[in-house]
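Novice: need the 3D shape of this:
(2 chains)
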Amino acid sequence: MMNFKFILKAISVALVSFSLTLISTVSFAATDVRIMWYGDGDKENVPIAAQIDEFNAANPDINVILDIVPYDAIMNTLPIQLAAGEGPDIARVTDLGGLNKYYADITPYVADPSYYEKSFGPFLNWYRKPGDSTSIHGFHSTMTVTGPYVNKTLFEQAGVDLLGPGATWEEWAAVSIEVAEKTGTPIPMAWDRSGHRVSGPAISMGAKYFDSSGDPKLVDDGLKAMTQMLYDWHQAGTMSKDLWGSVSGSKYHAPNDWWNAAEVVFMMSGSWQIGRFANEVGDDFDWWAVPAPCGPAACTGMPGGNALLAFNANPAVGKVMDYLSSKEQLSSFIGQVLAIPGHLDLQVDYQTDDPNAKHALNTFAGAVPTIDQVAFDLQAHVDNRIMFNAIISRLGQAIVGEMTMNEAWERMDEDVEKQLKEKYGG
Amino acid sequence: MENIRNQTKNFFLRILNIPFAFLMHAIDLIMWPIQKIIGVRNMPYIFLLPNLIFFGLFVIIPLVANFFFSLSSGDELLFAERELPTTKQYDQLFDCESYLNPNTCTEDFFWRGVYNTIFFVVFQVGLMIFFSVLTAVILNKKIIGRGFFRSVFFFPVLLSPVVVGLIWQWILLKNGAFNAIIESYGGDKVSFLTDPSWAMASVIFVSIWAHMGFYTLIVLAGLQAIPPNLYEAAEMDGTSRERIFFRITLPLLMPNLLVVFILASIKGVQTFDEIYVLTGGGPGTSTSLIVQYIFTTGFASSGSVQNFGLAAAASMVLGVVLLFLTLMQLYFSRNKESKHQEI
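Specialist: As a prediction, this is how the structure comes out:
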């Protein structure tokens, strides 16, 4: 009996030791590179997944893991992960300047740093910290420009001509109402619920966003003019309160469902919708992108886009970045997702026969040179999201009657001031 | 023969015991030296330790961290990089010219959340108790399909709040099922979720639908505990049904209703997920409650400064309210227990 007990004890000791050894022994066959990616549905997720698979097959020493997440995770979860030091190696980001304190400089690990400068030059500064003009953190995955679309079929049915370049916001609103009335369409105009979307038109109306020393100064006559116009359109029924009123705070909401159902004449969104419309609208109706309407100061949309940016710098991350930013891969990706390239010298063979999509791509690509400098400065500013969010949350409250426009403007400035104080102290 | 059978049985039992024996001996290896050091009397603490570690790790430490976050400022997550200590967040929360007008407060979203929460809790809890009692009284009668109906009323409690929010969103949207029915009868569409005057009523209704089953069950248990001879005596005296309800049923249900009131109030103050899915707190801020304010301020700022300190301060205020409600519940349940013991 003693012997049996002794044997059991011995085996137990051996098992415990073996388990501990197993736990403490960690071996990696390949270096993991984790990418946090949000995509606009399968249209973007399938091409990137195929590229990653191809990379993994060609590089057995590197294992790229693609985590496809909702856009909200990029906006809200990623910053917290990064603050806790638990972020991914690479992420697809739209708040380009807002996360710059976490970006890693991959210059030593990319094959040819000058390729990044030559190919993505103007955008690299959007990621860099103020005063830094040399670091490479990643590359622009796609460039975007905000601008309107119209339901061309409804215009044709109503017998109303589309307006050309130089038409003002008031003129577009008037023809949209006319078309809606003649065709029985319930919503003349619908805008994405986003401060970024409001900003291009506001700059057209004369908004400057910064004071003479370059510090954020949100509310001026230009911003007041545009936000007042949006408020009036909501009260008059030109825009439906059901979209901007359906959520609170700075939450983003797009009118795609209404657009797809042909319930909207004029939709203010941006170039990233092209691929989606091509898939979702199909032959249901003709849709066209039209030039950015004008205000007294400009006829501009907002530039933007998303970039693949590195949060860890090592040879594997450098290799993945080199691969995904290469002309061949980027051209293939952009061609499939029907986007405007962020690469300055890229020939893209767009994989679509849809004349609406082709027209929209030409319209938005042609709009890039007309983008106002204030819009570029705003997009490049590290705290632009604070301003965008202040606009949309306060304007949203005014539209549903929680405050007057004067109170909303006052609050917008206070919100920006309060948040900057929290961020920078003082 | 019997001996052989016993030996075989013992053999198989021993075989089956081997894994347990291994486990016990492995535990022995750890426990024996500990017992030697701290003595047998203190061993219960060792067995409580795993639970205490998890409780500490996931409740106590976050609670303490939250308290210190509320006394700090900055947009960094790590304490070492934050300004500490400061009462700035509490000053900001309570900086109001008039507490009755959120527009005069620095943190107007917080105060809108407070007023919306109070409104929501008062109406949701009041109506929930009313409908729970009504439903329980009906389900306590001998009606056909009583078991089925009891299950039906309890079923929504089993659903995830996100599912509840999505289902009712599909029903209540302007192009949803309910408006389709209204239109088919010639009525105009109603913006149940996007009109400020309808939105709060809609979320209260959905919340009652989702949680009523649980409270109905508590009231039903209370009804079944009322001695039937009281009703028999009242009937023999020719007492009216209304008088029986108000003089026998309701007074004897009071302890249960108190529990329902406090539990529903605690749950109501904490409401977030189903409303967030249903209306996102909108239109404007008309259905945005305190928990949503905490969530958006700390974690869902969509690129603005993630103000962990302010969110923590707001959650401390909410914690005080919940503590008060919990103490009330404890007081009343102990009171009830001592009365039972006296009886």
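Novice: give me the outermost residue of chain B relative to its centroid.
Specialist: Relative to the centre of chain B, and counting by Cα atoms, centre = their mean, the farthest-placed residue is residue B:1 at 63.1 Å.
Novice: what sits against it?
Specialist: By Cβ atoms under 8 Å, 6 or more residues apart in numbering or on different chains, the contact list for residue B:1 is empty. All C-beta atoms are positioned from the backbone trio N, CA, C, and that covers glycine.
Novice: same check on residue A:137?
Specialist: For residue A:137, the contact set (Cβ under 8 Å, 6+ apart) comprises A:100, A:103, A:104, A:105, A:106, A:124, A:127, A:128, A:309, A:310.
Novice: residue contacts, the closest residue in space to the first one that isn't next to it in sequence?
Specialist: Meaning residue A:100. Closest residue in space to residue A:100, ignoring its immediate chain neighbours: residue A:129 at 5.1 Å, by Cβ to Cβ, 6 or more residues apart in numbering or on different chains. Residue A:129 is in contact with A:100, A:101, A:135, counting by Cβ under 8 Å, 6+ apart.
Novice: wait, residue A:265 touches residue A:176, no?
Specialist: Yes. Between residue A:265 and residue A:176 there is a contact at 4.5 Å, judged by Cβ atoms under 8 Å.
Novice: what sits in contact with each of these two?
Specialist: Both residue A:265 and residue A:176 are in contact with A:150, A:188, A:189, where contact means Cβ under 8 Å, 6+ apart.
Novice: how about the contacts made by the last one?
Specialist: Going back to what we said before, that points to residue A:189. By Cβ under 8 Å, 6+ apart, the residues touching residue A:189 are A:173, A:176, A:233, A:238, A:239, A:264, A:265, A:266, A:267, A:268.
Novice: phi, psi of it?
Specialist: With angles defined as degrees, to the nearest 10, residue A:189 shows backbone torsions of phi -130, psi 140.
Novice: and the longest helix seen in chain B, what's buried?
Specialist: Counting residues, the longest helix found in chain B (DSSP state H) is helix B:2-38. When neighbours are counted by 16 or more other Cβ atoms under 10 Å in any protein chain shown, the buried residues of helix B:2-38 are found to be B:21, B:25, B:26.
Novice: so what pLDDT did the residue of the stretch 51-200 of chain A found nearest chain B get?
Specialist: The shortest separation between the stretch 51-200 of chain A and chain B is 3.5 Å, found at residue A:83 (distances taken as Cβ to the nearest Cβ). Per-residue pLDDT puts residue A:83 at 87.
Novice: nearest residue to it in space, please, no chain neighbours.
Specialist: Counting by Cβ to Cβ, 6+ apart, residue A:83 lies nearest to residue B:77, which is 3.5 Å off, once chain neighbours are set aside.
Novice: need the three-state assignment for that neighbour.
Specialist: On the three-state scheme (DSSP: H, G, I helix; E, B strand; the rest coil), residue B:77 is labelled coil.
Novice: isn't it up against residue A:81?
Specialist: No. Checked against Cβ under 8 Å, the pair residue B:77 and residue A:81 is beyond contact range at 9.8 Å.
Novice: okay, now the unreliable bits of chain A?
Specialist: Scanning chain A for pLDDT under 70 picks out the ranges A:1-29, A:426.
Novice: got the domain ranges for it?
Specialist: Structural domains of chain A, as assigned by automatic domain parsing, span the residue ranges A:31-143+A:304-356, A:145-303+A:365-424.
Novice: most tightly packed of those domains?
Specialist: With neighbours taken as mean count of other Cβ atoms under 10 Å in any protein chain shown, the domains of chain A reach their highest mean count in domain A:145-303+A:365-424, at a mean of 20.
Novice: from residue A:304, how far out is the closest residue to chain B within the stretch 251-400 of chain A?
Specialist: With Cβ to the nearest Cβ as the measure, residue A:385 is the residue of the stretch 251-400 of chain A nearest to chain B, at 2.9 Å. Remark: distance between residue A:385 and residue A:304 (Cβ to Cβ, to the nearest Å) = 11 Å.
Novice: I figured residue B:133 hits residue B:257, correct?
Specialist: Yes. In terms of Cβ under 8 Å, residue B:133 counts as a neighbour of residue B:257; the distance is 7.3 Å.
Novice: who's more crowded, those two?
Specialist: In this view residue B:133 and residue B:257 are compared by other Cβ atoms under 10 Å in any protein chain shown, and residue B:133 has more residues nearby, 23 against 17.
Novice: and that one, that's in a helix?
Specialist: Yes. Per three-state DSSP, residue B:133 lies within a helix segment.
Novice: circling back: which residues does the residue of the stretch 51-200 of chain A closest to chain B contact?
Specialist: The neighbours of residue A:83, taking Cβ under 8 Å, 6+ apart as the test, are B:76, B:77, B:78, B:306.
Novice: just give me the closest of these to chain A.
Specialist: Distance to chain A, by Cβ to the nearest Cβ, is smallest for residue B:77 among the contacts of residue A:83, at 3.5 Å.
Novice: from residue A:418, how far out is that closest one?
Specialist: Going from residue B:77 to residue A:418 by Cβ to Cβ gives 20 Å.
Novice: and for residue B:268?
Specialist: In this structure, residue B:268 and residue A:418 are 30 Å apart, going by Cβ to Cβ.
Novice: how much space between residue A:210 and residue A:250?
Specialist: Separation of residue A:210 from residue A:250 (Cβ to Cβ): 20 Å.
Novice: what's the answer for residue B:301, then?
Specialist: Residue B:301 sits at a distance of 8 Å from residue A:250 (criterion: Cβ to Cβ).
Novice: check residue A:377 too.
Specialist: Using Cβ to Cβ, we find residue A:377 at a distance of 21 Å from residue A:250.
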